[in-house]
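Q: coordinates for the following, if possible.
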Amino acid sequence: MGIRSTNYIQRRSPTWRDLPIDLISRSPIARWAPVPLRLIVGYGFMEHGFAKLARGPDAFPAILKAIGVPAPHFMGWLTIFVEIVGGLAVFLGALVPLASIPMAAVLLDAMITVHLPYGFSSIKLQAVTAAGPQFGPPGFETDLLYLACLAALVLGGSGPLAIDGLLAKHREGPRPSSHLASSGGRGGAG
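A: Have a look, this model is predicted:
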């Protein structure tokens, strides 16, 4: 009976799990998946930091003071620094696990202090007027998307064309040539 059930398992008809649905994830192109995440997260963070700077050095700290953040001037500049420097680090793929910690803290703080009361959706169309669409306050959806992207980069790596990869190669040092490795490191057939 054991042989018969084994034959049945081997002869079963294909199921959806047997279909080549994940061809891309098995292909060499899959290693490039972190690159678009790095680019959009890095650019997005830098854009938010530069937008805060563009409004003037006291505008963002004034907002933080209005919502009751302690030490609003210090926290405002710290947030801008994290957004610009952390965003650049992620964009370049440099020290992503380290840069992700303060970036996640900024996201969690924004989510809890600003976005949480407005629910999940980041887009709340309220009306369409002659001036264009009018939107309500954003929820925490975008914060979660950024957090998910940071987690994916920390867990899965920065991908190709990342400074993290160059740093890892530098730490490993030069690799022995195939000739030295195949001859036992003696440099010849000796």
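
Q: mind naming the longest helix for the protein?
A: helix 34-54 (DSSP state H).

Q: run the chain-centre distance for it.
A: 11 Å (Cα atoms, centre = their mean, to the nearest Å).

Q: please work out how many residues are found near Gly76.
A: Neighbours of Gly76 under the rule other Cβ atoms under 10 Å: 21. Where you see a C-beta, it was placed from the backbone N, CA and C, and this is true even at glycine.

Q: so what does the one helix or strand it maps to touch, helix or strand wise?
A: Secondary structure assignment for Gly76, by DSSP states H and E: helix 72-81. When contacts are defined as 3 or more Cβ pairs under 8 Å, 6 or more residues apart in numbering; DSSP states H and E, helix 72-81 packs onto helix 34-54, helix 59-66.

Q: can you rerun that using 6 Å?
A: helix 59-66 (3 or more Cβ pairs under 6 Å, 6 or more residues apart in numbering; DSSP states H and E).

Q: got the buried residues for the helix it packs on?
A: Buried residues in helix 59-66, defined by neighbour count with 16 or more other Cβ atoms under 10 Å: 60-61, 64-65.

Q: ok, these vs His73, which is closest?
A: For the buried residues of helix 59-66, the closest approach to His73 (Cβ to Cβ) belongs to Pro61, at 4.4 Å.

Q: quick one: mean pLDDT for stretch 89-98?
A: The pLDDT scores in stretch 89-98 average 96.

Q: gap between the two ends of it?
A: Stretch 89-98 has an end-to-end distance of 9 Å (criterion: Cα to Cα, to the nearest Å).

Q: again with stretch 151-162
A: Start-to-end, stretch 151-162 (Cα to Cα) is 16 Å.

Q: list the buried residues for that stretch?
A: 153-154, 157-159, 162.

Q: in CSV: the residues you listed, plus distance to Val128.
A: Below are the buried residues of stretch 151-162 laid out as CSV (distance: Cβ to Cβ, whole Å):
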residue, distance to Val128
Leu153, 37
Val154, 40
Gly157, 43
Ser158, 41
Gly159, 40
Ala162, 42
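
Q: next, format the residues you listed as a markdown table and append secondary structure and distance to Ala30.
A: Below are those laid out as a markdown table (DSSP: H, G, I helix; E, B strand; the rest coil; distance: Cβ to Cβ, whole Å):
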| residue | secondary structure | distance to Ala30 |
| --- | --- | --- |
| Leu153 | helix | 15 |
| Val154 | helix | 18 |
| Gly157 | coil | 12 |
| Ser158 | coil | 14 |
| Gly159 | coil | 10 |
| Ala162 | coil | 15 |
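
Q: Asp109: which of those residues is nearest?
A: For the buried residues of stretch 151-162, the nearest to Asp109 is Val154 (18.6 Å; Cβ to Cβ).

Q: hmm, the closest one is touching Leu98, no?
A: No. Checked against Cβ atoms under 6 Å, the pair Val154 and Leu98 is beyond contact range at 9.5 Å.

Q: ranges for the strands of the chain?
A: For the chain, strands defined by DSSP state E occupy the ranges 125-129, 132-135.
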